[in-house]
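**Q** Predicted structure and sequence below. I'll ask about it afterward.
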Amino acid sequence: MTNLPFGEKTTRQLFREGMRDGTPIALAYLVVSFTLGITAHNAGLDAVQGFAVSFFNLASAGEYAAFTVIAADAPYWEMAAITLVANARYMLMSCVLSQKFSPATPFYHRLGIGFGVTDEIFGISISRQGFLQPAYNYGAMTLAVPVWALGTSLGILAGDILHLSLLSALSVALYGMFIAIVIPPGRENRVVLGLVFISFALSFLASNMPLVSELSGSSRTIILTVLISGAAACFFPLAETIEGEHDHEA
């Protein structure tokens with residue numbers, strides 16, 4: 001259904017539309033964050049701590065990296081660095097979304113919406129026609145954010161109850177989620193697929209090479225992420241971006 005111009009909708013209508021579009025996102029978040037909670041449990045976090053981390057982070061890859069660092073008892077700088085690297089894409093998403101708001105949108109609304117930028121909320125927001133209104137994003141965040149945090153707490157609580165063998169099986173589910181994220185774009189883009197295999201190979205080599213293998217796992221992850229993503233951006237820039245710039249100039 002084509003959206004009417006935003007000026008013809010009330011704040012309440014926009015908020016309800018955001019809640020409507022955020023409902024399937026919240027349901028998916030409950031499943032994913034539950035498996036993330038298993039990882040948090042293995043890292044020694046309790047349900048309250050897990051809820052707080054997920055509520056203020058909102059990033060599966062970033063939180064998984066942080067929980068892994070916590071489990072390894074690594075220093076704080078490693079946690080900060082790996083979280084920054086894993087979540088760097090959200091800065092780019094926020095820059096793109098900022099162009100979708102009216103110039104008259106107050107700064108505090110931009111900050112509030114920036115807090116709730118995730119891959120999925122970014123997707124439904126960027127597809128809207130015309131200027132974005134803060135009420136729409138707030139509606140989507142109202143469901144997605146607390147459900148994500150709740151799912152993490154439930155996963156941690158389940159870790160206190162379930163048998164060790166079942167916990168081990170559930171902890172693998174998060175890896176399945178990451179594979180599910182990588183495979184679809186990999187099937188459509190050979191460069192992405194090639195980079196996935198290259199990352200596997202380099203990760204294996206880094207864990208077995210002299211000197212490099214002496215670094216912590218999180219440090220190796222930070223170095224490889226920056227090197228591989230940087231090389232991919234230099235040698236394989238997105239053709240769509242270049243074409244879009246040409247179309248804009250025309």
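**A** Looks like it came in fine. Keep in mind it's a predicted model, so treat the numbers as computed, not measured.

**Q** how far away is the spatially most central residue of the chain from residue 90?
**A** For the chain, the residue nearest the mean C-alpha position is residue 59 (3.8 Å; Cα atoms, centre = their mean). Using Cβ to Cβ, to the nearest Å, residue 59 is found at 7 Å from residue 90. To be clear about C-beta, it is placed using only N, CA and C from the backbone, and glycine gets the same treatment.

**Q** what does residue 109 give?
**A** In terms of Cβ to Cβ, residue 109 sits 17 Å off from residue 90.

**Q** what do you get for residue 31?
**A** Applying Cβ to Cβ to residue 31 and residue 90 gives a distance of 21 Å.

**Q** Between these two, which has more neighbouring residues?
**A** Neighbours were counted for residue 31 and for residue 90 using other Cβ atoms under 10 Å; residue 90 has more, 17 against 13.

**Q** List the contacts of the residue lying closest to the more buried one once chain neighbours are set aside.
**A** Distances taken as Cβ to Cβ, 6 or more residues apart in numbering put residue 117 closest to residue 90, at 5.3 Å, once the chain neighbours are dropped. Residue 117 makes contact with 58, 90, 93, 94, 97 under the criterion Cβ atoms under 8 Å, 6 or more residues apart in numbering.

**Q** nearest to residue 213, of those?
**A** residue 90 (31.0 Å; Cβ to Cβ).

**Q** could you give me the average pLDDT of the helix or strand containing the closest one?
**A** Assessed by DSSP states H and E, residue 90 sits inside helix 89-98. Average pLDDT, helix 89-98: 83.

**Q** by contact count, what packs against it?
**A** helix 107-115, helix 119-126 (3 or more Cβ pairs under 8 Å, 6 or more residues apart in numbering; DSSP states H and E).

**Q** got the contact list for the longest one?
**A** Yep, that's helix 107-115 we're talking about. Against helix 107-115 from outside (Cβ under 8 Å, 6+ apart): 58, 94, 97, 98, 101, 134, 137, 138, 141.

**Q** And for the first one, the neighbour number?
**A** The local packing count at residue 58 equals 24, with neighbours defined by other Cβ under 10 Å.

**Q** how far out from the middle of the chain is the helix or strand that residue 34 is a member of?
**A** Using DSSP H and E, residue 34 sits in helix 11-42. Counting by Cα atoms, centre = their mean, to the nearest Å, helix 11-42 is centred 12 Å from the centre of its parent chain.

**Q** tell me the angle of it relative to helix 119-126?
**A** Here helix 11-42 runs at an angle of 160 degrees relative to helix 119-126 (axes from the mean of the first three to the mean of the last three Cα atoms, to 10 degrees).

**Q** can you pull the buried residues of helix 11-42?
**A** Counting neighbours by 16 or more other Cβ atoms under 10 Å, one finds that the buried residues in helix 11-42 are 13-15, 17-19, 21-22, 25-26, 29-30, 32-42.
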